[in-house]
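Student: Sequence first, then the predicted structure, then my questions.
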Amino acid sequence: MEQRTCAACGKAAGDANLCKECVKDWAKRLAWLLKAGMPALQQIAYKQATTRERSPRHGNRAYAAPPVNEAAQALYSAVETHLQLTGGMLGVKPIGHDRYDRPRTLMQWADITRLLLHHMPDLARLDTAGDLYADLIRLSEKVETATTHAGERRLVGVCPNCLNTKGDDEPIRTPIYAARSARYTVCPECGAWLDLKRVRLEYLRSAGLMHITRTQADAARWVRENTGVSVTGKDLANWRSRGKMPSTRRIDRHYWEWNIMDLLACAQDRAERDGGDV
Ligand SMILES: [Zn+2]
Ligand SMILES: [Zn+2]
């Protein structure tokens, strides 16, 4: 049998174009996109728009349209297109063609991803396996960034003081960016002194990011990163078993769909027991 080398790492790859380790990583990234990455990105990209229209009772605060929407939407469709082209390379039907005449599977991303996960050995044998895998690494890292961190200075929220000020009958939305380690900042528009944890909590509530899909450990990490409160996976399990997460539901063995209000309530409780530092 001809011995090929892995297009990604150079190790022996048998009769495929990628080695077993790289194929395993490829599958792991696909599974992560399916269960966590894309659902989270979808929430950021699309859910806010509908939540805004349906919650007039929250007043103007609920209308704080976060400036992440367009970038998230563009990334969301870039990932879907990539998956459709990957399906097209395997000849998964129904097939259409994009404007460069490349075959493209006409299914939505979740269906294709499930299907691809069942055909990893076929994917690894494609001549283009190395390029497809490299593209998927790049895309999954972008999704990870878009759904968790946003570089050095991240969007914390919008200035609550500006939001209470009407300019031309519209509340003024000033995005507040800050370094991850910062605790306070000054609004560039109105000069208000802002406690970033409060800005963040208010933003998460009003932005309509009501659910995130994560494992228990990752949900705890999400709470730590977004609130600065040191919540552990065990805290979340305790909180849940006490019936205090009514809107959080289990998706499979590892993943849960967490309601953000449930997570924030747990963080608040934890912070109060630790000495009231929220
Ligand atoms: Zn490899
Ligand atoms: Zn302001």
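Tutor: Arrived safely, thanks for sending. Ligands and ions are numbered 1, 2, ... in the order given.
Student: Just the mean pLDDT for stretch 33-50, thanks.
Tutor: Stretch 33-50 shows a mean pLDDT of 72.
Student: All further residue positions should be reported with the first residue as 80.
Tutor: Yes, from this point I'll number from 80; that puts the last item at stretch 112-129.
Student: got the buried residues for that stretch?
Tutor: By neighbour count on 16 or more other C-beta atoms under 10 Å, the buried set for stretch 112-129 is 112-124, 127. (Each C-beta comes from the backbone N, C-alpha and C, glycine too.)
Student: same deal with stretch 304-311?
Tutor: For stretch 304-311, burial by neighbour count (16+ other C-beta under 10 Å) applies to 305-308, 310.
Student: same deal with stretch 328-343?
Tutor: Buried residues in stretch 328-343, counted by 16+ other C-beta under 10 Å: 334-343.
Student: In strands, which of those residues fall?
Tutor: Among those, DSSP state E puts 334-338 in strands.
Student: Just the closest of those residues to Tyr212, please.
Tutor: Nearest to Tyr212, judged by C-beta to C-beta, of those is Tyr334 at 23.6 Å.
Student: Does the closest one touch Ala296 like I think?
Tutor: No: contact between Tyr334 and Ala296 fails when scored by C-beta atoms under 8 Å: they sit 11.2 Å apart.
Student: Which secondary structure state does the closest residue to Gln163 other than its chain neighbours sit in?
Tutor: Here the nearest residue to Gln163 in space, its sequence neighbours aside, is Arg183; by C-beta to C-beta, 6 or more residues apart in numbering that works out to 4.5 Å. Per DSSP: H, G, I helix; E, B strand; the rest coil, the secondary structure class of Arg183 is strand.
Student: Might you report the residue contacts of Arg183?
Tutor: 160, 163-164, 166-167, 174-177 (C-beta atoms under 8 Å, 6 or more residues apart in numbering).
Student: cutoff 10 Å now
Tutor: Contacts for Arg183 were tallied using C-beta atoms under 10 Å, 6 or more residues apart in numbering; they are 160, 162-168, 171, 173-177, 191.
Student: and which of the buried residues of stretch 112-129 is nearest to Glu223?
Tutor: Using C-beta to C-beta, the buried residues of stretch 112-129 come closest to Glu223 at Gly116, 6.7 Å.
Student: Now the nearest residue to Leu97 once chain neighbours are set aside: phi and psi?
Tutor: Distances taken as C-beta to C-beta, 6+ apart put Ala203 closest to Leu97, at 4.6 Å, once the chain neighbours are dropped. When read as degrees, to the nearest 10, the backbone of Ala203 gives phi -60, psi -20.
Student: how many other residues sit next to Ala203?
Tutor: By the measure other C-beta atoms under 10 Å, the count of residues near Ala203 is 25.
Student: Is it correct that it is in contact with Ala95?
Tutor: Yes: the criterion here is C-beta atoms under 10 Å, and Ala203 meets it with Ala95 at 3.9 Å.
Student: pLDDT value on Arg232, please?
Tutor: For Arg232, the model assigns a pLDDT of 61.
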